[in-house]
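# Just a sequence and a predicted model for now, questions to come.
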Amino acid sequence: MRNLNSKLVMNFLSEQGFDPIEKTYAAYTPLENYLCAAVAESYDNEMEENSAQIAVEAVLTAFEKKPSLKRLSEYIRYANEQVMLHSTRCQLKVSITVLVSDYTRMRYAVCGNTRIFVLYENLILHTSKTQTKYQQILDSSQTNHADELNEKGNEESAQTADRTQIHNLTEYLGKDRKVRPLISKITELTEGSSILFATGNLWGRLSEIEILDAYEYTKTGKEFLDILQELLLSYQEEDDQRIGSFTAALLYIEKKFQEDVQKKKRKKRLMFLLAAAVLVLMLLLWTVILCIRAFDRSKMREIEKHSKKGTRYLDYENYDKALEEYEKALELTEGLSLRNWQYISQKEELIETVSGQEALLALLQEAQTAFSSGGYEKAEKLYAQIQKEAAWQGFALLSSDAEKKTAEILARREILQQISLGDMYDASEDYEEALAQYQKALESLSAYTDLETQGDVQAKIYGIRQKQKEEKQEAEDAKQAAEEKKQEAEQKKQEAEDAKKQAAADKAVIKINTLLANANGALEEGRTARARELYQQALARYNKFSGSSEDADKLYQDITILRQAITEAEVKAAEEAKEERIAQAARYAIQAKEAARGGDRQTARELYEKALAVYQEQNIWDERTQAVYDAMDGLEQENQPQQPADTDGRAAGDNENESSQAAGSDEK
C-alpha cells in the first residue's frame, strides 16, 4: 500500500578500479510497507569472493524476514555473523551503511567508513558519521559546543583533519562477535531530497562542496552519479593515484507516503499522555540516574584498573597478557552508556584510550601472526604503524621493539633473497654457487631462532650434496662401465685365444692318444722297444701340453698305464732272457760233460768256461756254479799222472761220481 502511493527512485554506480576483484556492493529491496538499501565496502585480502556482497545480501535477507525501522541492529548483527562465517581463508573486513524507510520516515545504521549524505536543492541537510580514526580526530577538534556548529564549521574541521585516517577503521563487520554500529534516529523523509550512499574511496576524495556542485546542475540521479565518477577519475589522472573499487547509490524522494491526519492527531494526544507519564516517572528516573552514576563510577574504576594492568604487562613485554587486560577493559566499556549526561567526557576519553590500546595490541598480534607465517611485507607495514602508534600513545618500549622487529624483517627478507638465489643457482645446476648462497643464509639465520627455516636450508644443502654425489657416482658408474666393457673385450679376446689353445690342445690330445694307441699295439705284438720309443714321443708331447687340466689328467693316467705296461713287459722279457741264459749255461755244462766223456777235455773246458761266464753274468753263485768249478777241477786232475790202483781206482770212482752228480745238478 505504501509502496504504491509513494515514489522513491534508486540509481547505482559501481567501479572495480585497480582492485583485482570488485570490493564494493550496493543493493536495495522495496517491499509493500518498507524499503531497505545497503552499500558496503570490503578491506580484506579475499580474492575469490566479494565480502561486501555477502554483508549486503545478509542484511537484505534479515530485512525481508522482519522488516522494521527498529531492527537495524539485528540486520547488522546478522550480517556480521555471516561475514565471520565466511572468514575461512582470511579475516573478512567489511564497512556497511544500511537505510530502512517506511516511505514516510527513515532510519540508517553505519558500521565502518561508508556514509550517506541527505541532499536538498543546494544544501547537505545531513551527513552520517563514520567509525574511523578520521572521525575521532574530527570530534576531538571540535569545541564542547559541537551541537551548535554549522555545516561550514564541520567542513572546516574536516579539512584540518588527517584524511589519510579515513580507512583506519575503529569498527567494522568481521572484527568481533559483537558489533557496535552507529544507528540514527528516525527522521521524516523530505520530498524532493536525495540520499547519497558513498563508499570510502568516493567521499574520501571528493569534498562536500564538490558533491553539492555536481548535485546542483544535474536533473536526474544517473546524471549526478556520472558527474561524480568523472570528477573522481579526473583526480586520479591529475594525482596519478590508483583508485580502488568505489560505489555510489542515490535514492531520490520524489513522493513520500502521506499518513492520515486524524491518525497524527491521535498520535499527538497519545504523546501528551506520554509526556504526563514521563513527568510522573521523572522522580523514578532521577533515582535511576543516581544509580547509573554510581554504576558508571564503579565501571570506570574497573576499566582503569584493567588498563593499568595492561600497561604494566606492556612494560614487561608480556604482550599477550596485556592484550587480555585491554580486551577485558574494552569489553567493560560496552557497559558505559554515552546516552546519559553522566561523565560523558571522562567516558569518551576512557573508551578512546582503551580502544586505542586494544587496537594497538591487536595490531601487534596481527603483525606477529604475519611475521610468523612469513608475510614479511605485511608485517613490515604493520610494525611501522605500530611504531608510530606506540610512540604516539607513550609506549616507548613497544615502539623500540617494533623498530627492532622491522630491522629483523629486513634481515630476514635478505635471507629469503639469498635462499631464492640459491634456488635459482640450484635450478641452473650451479651447485657450488647455490651452496655458497645457502651457507650465507645459514650464517645470517644463526642470529635468530628459526629452526624451521634453518632446517629447510640445511635440507636444500643436503639435497645439493646428494646431487653432487649422484653425479660423481654416475661418472664412476660410467668409468666402471667402460672398464667392464674393456674387460669384456679382453675376456672375449682371451676366450678366442683359449678356444685357439683348446683346438691346439685337442689336436695335441689326438696326437698323444695316437702315439699311446700305437705303443699299446706294439706292446701287444711284443715289440717292447718300439712301444718304449712311442711312449717317449708321447711323454715328450705331454710335457709340452697346455690344454685343460681334465685332458692333462686323462693323458697322464693313460701314459702312466702305458709306462707301467712297458715296464712290466721289459721286466718279463728280462726274466725270460735270464732264464734262457741260465738254461743255456746248463746246456753248456751238459755238453761239456759229454765232451769230457768223449775225451775231448779242451772242448769240455771251453764249454764249462762258457757256462761259468753265464753264471757270472747272471750273478749266480750257488751249487750250480760250484758244480761247474768241481767239473773243471776234475778235468785238471785227469791231466795229472795216475795213482796206485786202489788209490787211482777210488779216485777215479770218486771223480766219476762227482762228475755224475755235477751233471745231474746241471740237468736239474
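Yep, that arrived.
# Pretty sure residue 464 sits against residue 426.
Yes - here residue 464 reaches residue 426: they are 6.1 Å apart, a contact under C-beta atoms under 8 Å. (C-beta placed from N, C-alpha, C; glycine too.)
# Could you pull out the helices in the stretch 101-250 of the chain for me?
133-141, 151-160, 200-203, 208-216, 221-239 (DSSP state H, counting those that start in this stretch).
# Make JSON lines out of the ones you listed and add mean neighbour count and distance to residue 565.
Listed next are the helices of the stretch 101-250 of the chain as JSON lines, based on neighbours: other C-beta atoms under 10 Å; distance: least, C-beta to C-beta, whole Å:
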{"stretch": "helix 133-141", "mean neighbour count": "18", "distance to residue 565": "129"}
{"stretch": "helix 151-160", "mean neighbour count": "14", "distance to residue 565": "139"}
{"stretch": "helix 200-203", "mean neighbour count": "25", "distance to residue 565": "125"}
{"stretch": "helix 208-216", "mean neighbour count": "17", "distance to residue 565": "139"}
{"stretch": "helix 221-239", "mean neighbour count": "15", "distance to residue 565": "126"}
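# Flag the shaky bits of this protein, pLDDT-wise.
Applying pLDDT under 70 to the chain flags residues 143-162, 237-241, 261, 289, 292-293, 335-344, 449-450, 638-668.
# hey, which helix is longest across it?
helix 451-524 (DSSP state H).
# Off-centre distance for it?
How far helix 451-524 lies from its chain's middle: 43 Å, per C-alpha atoms, centre = their mean, to the nearest Å.
# what's that helix packed up against?
Contacts defined by 3 or more C-beta pairs under 8 Å, 6 or more residues apart in numbering; DSSP states H and E place helix 451-524 against helix 396-427, helix 431-445, helix 528-543, helix 549-597.
# Could you check the angle the first one makes with helix 431-445?
For the pair helix 396-427 and helix 431-445, the angle between their directions (axes from the mean of the first three to the mean of the last three C-alpha atoms, to 10 degrees) equals 170 degrees.
# For helix 396-427, buried residues please.
398-399, 401-403, 405-406, 408-409, 412, 415, 418-419, 421-422, 425-426 (16 or more other C-beta atoms under 10 Å).
# Find residues that contact each of residue 464 and residue 426.
Residues touching both residue 464 and residue 426 (C-beta atoms under 8 Å, 6 or more residues apart in numbering) are residue 434.
# Next, format the helices of the stretch 101-250 of the chain as JSON lines and append distance to residue 78.
Converted to JSON lines, the helices of the stretch 101-250 of the chain look like this (distance: least, C-beta to C-beta, whole Å):
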{"stretch": "helix 133-141", "distance to residue 78": "25"}
{"stretch": "helix 151-160", "distance to residue 78": "32"}
{"stretch": "helix 200-203", "distance to residue 78": "23"}
{"stretch": "helix 208-216", "distance to residue 78": "31"}
{"stretch": "helix 221-239", "distance to residue 78": "29"}
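# Which one of the ones you listed lies nearest to residue 47?
When the helices of the stretch 101-250 of the chain are compared by C-beta to C-beta, helix 200-203 sits nearest residue 47, at 18.2 Å.
# helices or strands up against the closest one?
Where contact means 3+ C-beta pairs under 8 Å, 6+ apart, helix 200-203 is packed against helix 221-239, strand 246-255.
# can you rerun that using 10 Å?
strand 7-15, strand 24-30, strand 35-42, strand 115-120, strand 194-198, helix 221-239, strand 246-255 (3 or more C-beta pairs under 10 Å, 6 or more residues apart in numbering; DSSP states H and E).
# and the angle for the third one with strand 115-120?
Read that as strand 35-42. Following the same axes, to 10 degrees, one obtains 140 degrees for the angle between strand 35-42 and strand 115-120.
# next one: strand 35-42 to chain centre, how far?
45 Å.
# Could you figure out how far it is turned away from strand 194-198?
20 degrees.
# So which bits of strand 35-42 are buried?
So for strand 35-42, counting by 16+ other C-beta under 10 Å, buried means 35-42.
# Paired strands for it, with orientation please.
Applying DSSP bridges, strand 35-42 is found paired with strand 24-30 (antiparallel), strand 94-101 (antiparallel).
# and if you look at the fourth one?
For strand 115-120, the paired strands and their directions (DSSP bridges) are strand 123-127 (antiparallel), strand 194-198 (antiparallel).
# Pick the most deeply packed of those strands.
Highest mean neighbour count among the strands paired with strand 115-120 (mean count of other C-beta atoms under 10 Å): strand 194-198, with a mean of 25.
# now that strand, how far from the centre of its chain.
54 Å.
# How about the contacts made by residue 498?
By C-beta atoms under 10 Å, 6 or more residues apart in numbering, residue 498 lies in contact with 491, 505, 548.
# burial count for residue 29?
Neighbour count for residue 29, taken as other C-beta atoms under 10 Å: 15.
# could you measure it against residue 103, distance?
Noted for residue 29: a distance of 13 Å to residue 103, by C-beta to C-beta, to the nearest Å.
# Overlap of the contact sets of these two?
Joint contacts of residue 29 and residue 103 (C-beta under 10 Å, 6+ apart) are residue 35.
# Is it correct that residue 194 is in contact with residue 117?
Yes - using C-beta atoms under 10 Å, residue 194 and residue 117 qualify as a contacting pair, with a distance of 8.5 Å.
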